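Novice: okay, predicted coordinates and the sequence, questions at the end:
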Amino acid sequence: MKYGYFDDLNREYVITQPDTPLPWINYLGCQAYFGIISNTAGGYSFYRDARLRRLTRYRYNNAPFDFGGRYVYLRDNESKEFWSPSWQPTRHELKDYSCRHGMGYTVIGSSYKGIEAHTRYFVPLDENLEIWQLTVTNKRAVKASISAFASIEFCLWDAQDDSTNFQRNFSIGQVEVEDGVIYHKTEYRERRDHFAYFATSAKGGSFDTQRDVFLGHYRGWDKPATVEAGQLTNSIAHGWAPIGAHQAKLELAPGETRQIVFVLGYHENPVAEKFDPPGSQTINKKTVKPVIAKYLDPKEADAAFERLRQYWESVLGVFQVNTPDIHTNRMVNIWNAYQCMATFNMSRSASFYESGIGRGLGFRDSNQDLLGFVHMVPARARERILDLAATQLPTGGAYHQYQPLTKRGNNDVGSGFNDDPHWLIIGVAAYLKETGDWSILDEPVPYDNAPGSETPLYEHLQRSFRYTLDRLGPHGLPLIGRADWNDCLNLNCFSDTPGQSFQTTTNKDGKVAESVFIAGLFVHAGQELAAIAKHRGLDAEASTYLSEVAKMDQVVRKHGWDGEWFLRAYDDFGAKIGSKECEEGKIFIETNGYCVLAGIGLEDGLAARALDSTRKHLATKHGIVLQQPAYSRYYLNLGEISSYPPGYKENAGIFCHNNPWVIIAETRLGHGDEAHDYYSRINPSAREEISDLHRCEPYVYAQMIAGRDAPTHGEAKNSWLTGTAAWNYYAIVQWILGVRTALDGLEIAPVIPKNWQGFTATRTFRGVVYKISIERKGDGNSIALTVDGKPIKGNVVSPPADGRREVVVKGILS
Ligand code: GLC
Ligand code: GLC
């Protein structure tokens with residue numbers, strides 16, 4: 001069953017039933033001020049860092065789900081009845097409920113007893129605030145007297161401390177109210193130079209700022225006492241829980257529509273100008289007032305919304321495609337690209353599943369996220385690359401995470417994840433292929449952020465490569481360290497103590513356990529680095545890389561091949577993991593996908609056998625599981641992977657992040673049907689009809705779908721913030737559709753299903769618009785290209801020499 005539908009023309013998913021199996025969320029903001037918002041107005045906002053600068057409260061894992069939000073209440077002052085047009089928190093039975101999640105905005109509304117109301121929520125570009133535009137229409141034949149309330153609960157900034165340190169926090173909350181604007185200024189008196197505010201365009205209304213007054217004793221957000229009574233009380237919070245609540249009265253003639261604007265924002269003052277008058281304890285509001293006044297004006301709000309629309313139009317316009325498959329089209333053209341923006345911005349910090357307090361930006365995650373993001377806003381990708389590289393260690397290793405606010409490596413997690421450095425090479429290669437901006441390689445970048453340690457970025461890549469060569473194990477394969485891509489394959493951990501972190505506990509010296517996955521990654525990254533070196537004229541260096549790659553390729557064949565598939569690893573005893581000799585965990589997806597993606601065994605049939613085995617042992621109708629058989633018990637020598645019940649997460653779940661490795665691998669063998677079939681199995685749009693089973697949003701990928709060993713096979717979890725977004729985008733666009741960025745131009749090499757007659761696409765690449773059409777004339781993948789009517793050799797379209805801005809590319813597949 002479905003809970004809504006795709007409105008592709010408007011780039012929206014429209015939810016028509018509020019009680020979705022899980023909260024179906026969207027993101028507001030795409031630069032510095034962000035929020036998550038569910039289909040029933042739940043969620044919270046923050047400035048840059050979801051932990052350290054959280055503006056509003058949200059209650060994770062609450063019952064009912066999804067509490068804390070941007071709540072609007074309407075009260076009919078004659079019948080005294082009140083309800084929420086967004087369903088939560090009052091949960092009345094509404095007419096015509098809809099939630100339109102769009103690109104950077106969400107509109108939620110409904111109708112109740114003849115009163116229609118919609119709220120449009122969005123964050124204007126280049127501003128640190130969010131706008132709520134509430135529109136109320138009286139559809140009754142008689143006039144209506146309505147009170148509209150809007151409310152949020154302030155978080156005392158540090159979300160971790162906010163949810164634990166009550167002995168202090170109940171005493172520190174402070175607000176100011178001036179001209180009807182509520183200012184949240186907790187800790188502003190001491191070391192904070194920032195405050196939050198909540199304003200309304202309705203003049204002369206009432207407010208409340210003390211939660212317990214607004215709600216009343218022992219009441220929840222579903223039944224605030226003041227809303228029930230129809231009158232806010234102008235309470236001022238002293239400690240406890242500061243909130244922002246506004247009330248406006250609307251007298252509506254039949255058919256009349258009124259709009260009220262609310263603005264919730266974040267503002268910083270220079271330290272020396274925090275107070276006004278100086279020496280007082282009152283917030284200096286000189287610079288914030290004009291901003292507030294501007295966006296409370298509905299015309300300005302509409303104009304800001306229009307700019308946001310145009311922004312997305314241009315960002316998504318970089319690549320648009322029209323194929324015979326609607327699920328491919330809408331994911332590529334709209335939602336998958338949009339999700340790539342979210343993963344780039346959030347990394348793995350704030351979603352319905354990521355609490356925003358746990359994790360910084362992952363080194364490996366953020367580098368991989370670039371694969372799906374770099375074409376949208378290359379300048380931001382560049383900045384991200386330089387930030388990431390600055391947390392690299394002199395050894396070539398990397399902090400596993402960095403904190404977005406400080407841009408420093410996270411010491412708590414540290415380093416030693418031996419795959420990490422290679423993702424930097426892959427991220428930089430993606431950037432170079434997209435932009436041709438070779439200057440980035442000469443940027444001076446420090447190690448571990450230490451001033452004076454700068455080298456050109458290029459040297460960071462050299463050290464990344466070297467890092468593995470300095471850490472080879474007994475078989476000549478890369479040592480795994482704390483973990484490779486699979487954070488849960490902890491071969492040096494041996495943890496028998498509850499609560500210990502599998503990722504940072506290390507009880508073995510790490511000199512034995514080896515990763516075949518890192519070997520595959522090394523082969524891939526090494527080829528990328530060699531191509532970069534060659535392009536820079538460093539031929540000798542390039543051939544050194546290639547000879548190391550060839551050596552590793554040999555080692556993989558010798559010690560990383562199990563007969564029918566690639567092995568996964570060797571454990572601390574030197575025993576095989578992912579082998580037919582194992583009792584459980586005989587075959588893994590990662591090496592079989594990645595080694596083939598990297599080109600190992602393409603010529604001599606190993607690759608084909610690895611993919612046959614993958615199909616035979618790992619593929620299910622809901623996607624490809626991570627390994628088989630699942631681990632039925634905890635293995636001290638394997639770590640977290642065996643901690644999960646069978647079928648979930650890394651223990652034989654369908655870990656959607658690595659399915660595209662197999663998809664790309666299939667294209668490398670020319671298998672368009674197989675590649676697109678795998679692509680479709682996990683494509684959320686293609687799974688929309690089974691929303692009751694899938695449960696997560698049908699418009700974005702989830703990290704995991706429960707595997708065949710799980711009692712809930714097919715159920716998705718952990719949507720939005722996952723490397724799945726970038727990798728699937730990359731797989732479908734660059735490998736199946738084959739519109740692929742290359743160092744010297746745009747490569748066209750489709751490996752599409754046999755029953756596709758072709759497709760058309762528009763790609764803006766290095767300032768030139770490529771109008772591409774592909775036509776199938778035979779069953780194969782060989783392509784003959786013409787550019788502006790002239791046949792070209794090979795399949796790389798170089799930038800037009802004569803400065804033309806538009807090029808027509810036609811490809812015939814036979
Ligand atoms: C999570 C992590 C990612 C890791 C993956 C597999 O998605 O964010 O870094 O590679 O799990 O364990
Ligand atoms: C857990 C998760 C894994 C994730 C890791 C990050 O181990 O299972 O997916 O990568 O946490 O720390």
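Specialist: On my side now, so go ahead. Since the model is a prediction, treat every value here as computed from it, not as a measurement. Residues are numbered from 1 along each chain as shown. Ligands and ions are numbered 1, 2, ... in the order given.
Novice: quick check on residue 319: phi, psi?
Specialist: Reported as degrees, to the nearest 10, the phi and psi values for residue 319 are phi -140, psi 120.
Novice: who are the contact partners of whatever residue of the chain ends up closest to ligand 1?
Specialist: Relative to ligand 1, the nearest point of the chain is residue 487 (3.6 Å; C-beta to the nearest ligand atom). Any C-beta I mention is one placed from the backbone N, CA and C, and that applies to glycine too. Taking C-beta atoms under 8 Å, 6 or more residues apart in numbering as the contact definition, residue 487 lies against 417, 502, 503, 640, 650.
Novice: and residue 722, how many neighbours does it have?
Specialist: 26 (other C-beta atoms under 10 Å).
Novice: tell me if residue 13 really is in a helix.
Specialist: No - judged by DSSP: H, G, I helix; E, B strand; the rest coil, residue 13 forms no part of a helix; its state is strand.
Novice: which of the contacts of residue 487 has the weakest pLDDT?
Specialist: In terms of pLDDT, residue 503 ranks lowest among the contacts of residue 487, with 93.
Novice: wait, isn't that residue in contact with residue 413?
Specialist: Yes - using C-beta atoms under 8 Å, residue 503 is in contact with residue 413, at 6.7 Å.
Novice: between these two, what contacts are shared?
Specialist: residue 400.
Novice: pLDDT score assigned to the residue of the chain closest to ligand 1?
Specialist: At residue 487 the predicted local confidence, pLDDT, stands at 97.
Novice: can I take it that it is in a helix?
Specialist: No - under three-state DSSP, residue 487 falls outside any helix and is assigned coil.
Novice: contacting residues around stretch 458-472?
Specialist: Contacts to stretch 458-472, defined as C-beta under 8 Å, 6+ apart, come from residues 389, 392, 394-397, 418, 421-422, 424-425, 428, 441-442, 445, 447, 478-479, 481, 518, 522, 525-526, 529, 532, 536, 545, 548.
Novice: nearest to ligand 2: which residue in this structure?
Specialist: Closest point on the chain to ligand 2, by C-beta to the nearest ligand atom, is residue 487, at 3.5 Å.
Novice: tally of neighbours for residue 511?
Specialist: 12.
Novice: okay, now the sheet partners of the strand ranked longest in the chain, with direction.
Specialist: Longest strand of the chain, by residue count under DSSP state E: strand 144-157. Using DSSP bridges, the strands paired with strand 144-157 are strand 54-56 (antiparallel), strand 71-76 (antiparallel), strand 242-252 (antiparallel).
Novice: from the contacts of stretch 458-472, list the buried ones, please.
Specialist: Buried members of the contacts of stretch 458-472, scored by 16 or more other C-beta atoms under 10 Å, are 389, 392, 395-397, 418, 421-422, 424-425, 428, 441, 445, 447, 478-479, 481, 518, 522, 525-526, 529, 532, 545, 548.
Novice: so residue 764 bridges to which residues?
Specialist: residue 769.
Novice: just the C-alphas of stretch 306-314, formatted as CSV.
Specialist: Output of stretch 306-314 as CSV, limited to C-alpha atoms (Å, rounded to 0.1, in the frame of the first residue of the first chain):
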residue,chain,number,x,y,z
GLU,A,306,11.2,31.7,-5.5
ARG,A,307,15.0,32.1,-5.2
LEU,A,308,15.1,28.7,-3.5
ARG,A,309,13.1,27.1,-6.3
GLN,A,310,15.5,28.6,-8.9
TYR,A,311,18.5,27.4,-7.0
TRP,A,312,17.2,23.9,-7.1
GLU,A,313,16.2,24.2,-10.7
SER,A,314,19.8,25.1,-11.5
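Novice: so for the nearest residue to residue 464 once chain neighbours are set aside, what's the pLDDT?
Specialist: Spatially, and ignoring its direct neighbours in sequence, residue 464 is nearest to residue 421 (3.5 Å; C-beta to C-beta, 6 or more residues apart in numbering). pLDDT for residue 421: 98.
Novice: same thing with residue 512?
Specialist: So, for residue 512, pLDDT stands at 98.
Novice: wait, it touches residue 474, no?
Specialist: Yes - judged on C-beta under 8 Å, residue 512 makes contact with residue 474 at a distance of 6.2 Å.
Novice: shared neighbours of the two, anything?
Specialist: 570, 574.
Novice: separation between the most far-flung residue of the chain relative to its centre and residue 540?
Specialist: Residue farthest from the centre of the chain, counting by C-alpha atoms, centre = their mean, is residue 142 at 47.6 Å. Residue 142 sits 87 Å away from residue 540, going by C-beta to C-beta, to the nearest Å.
Novice: same question for residue 669.
Specialist: If you go by C-beta to C-beta, the gap between residue 669 and residue 540 works out to 33 Å.
Novice: more neighbours: these two, which one.
Specialist: residue 669 (17 against 7).
Novice: shouldn't the more buried one be in contact with residue 599?
Specialist: No - at 10.8 Å, residue 669 does not count as touching residue 599 under the criterion of C-beta under 8 Å.
Novice: which parts of the stretch 601-750 of the chain sit against ligand 2?
Specialist: Proximity of the stretch 601-750 of the chain to ligand 2 (C-beta under 6 Å from any ligand atom) is limited to residues 640, 649, 650.
Novice: can you sort out which of those also neighbour ligand 1?
Specialist: Among these, the residues lying close to ligand 1 (C-beta under 6 Å from any ligand atom) are residue 650.
Novice: any chance of the contacts of residue 487 in TSV, with neighbour count too?
Specialist: Output for those, formatted as TSV (neighbours: other C-beta atoms under 10 Å):
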residue	neighbour count
417	26
502	18
503	19
640	21
650	23
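Novice: next step: the residues you listed restricted to strands.
Specialist: Among the contacts of residue 487, no member lies in strands (by DSSP E).
Novice: inside helices: which ones of those?
Specialist: Secondary structure from DSSP state H places none of the contacts of residue 487 in helices.
Novice: that's a strand at the residue farthest from the centre of the chain, yeah?
Specialist: No - applying three-state DSSP, one finds residue 142 to be coil, outside a strand.
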